[in-house]
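sequence first, predicted coordinates after that:
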Amino acid sequence: MMGHSHAVSGALLYAAAAPFLPQALFGRPLSPGEVLMGTVLCAGAALLPDLDHHDGTVAHLLGPVTRTLCRLVARISGGHRHATHSLLFVALAGWGTWAALARWGRGFALGLGFVLIALAVQALHLHPGGAGPTGRLTTLGLAAVGTAGLDTWVPATADLLPYTVTLGALAHLLGDCLTKQGAPLLWPHRRRYELVLIRRTGNRVETRFLVPLMTTAAFVLVWLAAFAPAVLTG
């Protein structure tokens, strides 16, 4: 799957779960601000497993800096679609976010929020200016605005961020399981799990069917979850 598709799938999964899962896990519903900001954050978090991809959305975020980081992660994790595309990585990403929040608090929350929003802006092509320095500066500027919104509308992030990171990483794995290469969900066990709907990344099934369908569903579910949750919960 392309980065754009992963981001849309993260937003969709978050929006679909918003009326139900937080209530079961945290004993409370999400506020409209948490639904809206969480959807953007989850779209960004859905790019995190591609930390092992030297030419993916994460790698292009800050040019040579993030490309070097992704090459390092790929070397440590065994290459693209290995360790970072496993349920173990999903669990560690969620736990690591919780542990970092417990240690560094609000500063870490806003820093991570900035990165996730920047990834979402990049993947969803919300930034004018192309892929060069102007595009990067625009992406970072929009991420700063989004982080200010996060600070205003989501005062408590101790439970929301680990949940969002976990859900986004899981959405990425589910998306890659729809492709021919699949994903090694039970890594270090080598078996790859797949239900092939996308035989080639960026083909017509992905770009002309799945992405428009997921985008439409995400917009509808975000609106309902934020402003009319009773329609979904009964």
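Good, I have the coordinates.

does Phe108 touch Ala100 like I think?
Yes: under the criterion of CB atoms under 8 Å, Phe108 makes contact with Ala100 at 5.0 Å. Any C-beta I mention is one placed from the backbone N, CA and C, and that applies to glycine too.

what lies in contact with the helix or strand of the chain with the lowest mean pLDDT?
Least confident helix or strand, the chain: helix 204 with a mean of 88, by mean pLDDT, DSSP states H and E. Residues from elsewhere that reach helix 204 (CB atoms under 8 Å, 6 or more residues apart in numbering): none.

past it, which element shows up next along the chain?
helix 211-227 (DSSP states H and E).

list the buried residues for the very next helix or strand once past that following helix?
As assigned by DSSP H and E, the chain's next helix or strand after helix 211-227 is helix 229-233. Within helix 229-233, the residues scored as buried using 16 or more other CB atoms under 10 Å are Pro229.

same deal with stretch 64-74?
Buried, per 16+ other CB under 10 Å, within stretch 64-74: 66-67, 69-70, 73-74.

next one: stretch 47-59
47-54, 56-59.

can I get those residues in a markdown table with pLDDT and secondary structure?
Below are these laid out as a markdown table (pLDDT from 0 to 100; DSSP: H, G, I helix; E, B strand; the rest coil):
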| residue | pLDDT | secondary structure |
| --- | --- | --- |
| Leu47 | 98 | coil |
| Leu48 | 98 | helix |
| Pro49 | 97 | helix |
| Asp50 | 97 | helix |
| Leu51 | 97 | helix |
| Asp52 | 96 | helix |
| His53 | 95 | coil |
| His54 | 91 | coil |
| Gly56 | 92 | coil |
| Thr57 | 92 | helix |
| Val58 | 95 | helix |
| Ala59 | 93 | helix |
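
name the nearest residue to Cys70, sequence neighbours excluded.
Once flanking residues are discounted, Cys70 sits nearest to Ala59: 4.2 Å by CB to CB, 6 or more residues apart in numbering.

residues contacting that neighbour?
Per CB under 8 Å, 6+ apart, neighbours of Ala59: 50, 53, 66-67, 69-70.

picking up where we left off before, what is the nearest of the buried residues of stretch 47-59 to His172?
Among the buried residues of stretch 47-59, Pro49 lies closest to His172 (CB to CB), at 4.4 Å.

and that closest one, how far is that from Val73?
Separation of Pro49 from Val73 (CB to CB, to the nearest Å) stands at 10 Å.

shared neighbours, the two?
Shared contacts of Pro49 and Val73, defined by CB under 8 Å, 6+ apart, comprise Thr84.

helices of the chain, residue ranges please.
3-17, 21-26, 32-45, 57-60, 64-77, 87-123, 133-153, 160-176, 204, 211-227, 229-233 (DSSP state H).

flag the shaky bits of this protein, pLDDT-wise.
The model of the chain has pLDDT under 70 over residues 129-131.

try 90
1-2, 62-63, 125-138, 153-159, 180-181, 196-205, 207, 232-234 (pLDDT under 90).

starting at the chain centroid, how far to the least confident helix or strand of the chain?
Counting by CA atoms, centre = their mean, to the nearest Å, helix 204 is centred 23 Å from the centre of its parent chain.

please apply the same query to stretch 39-52.
2 Å.
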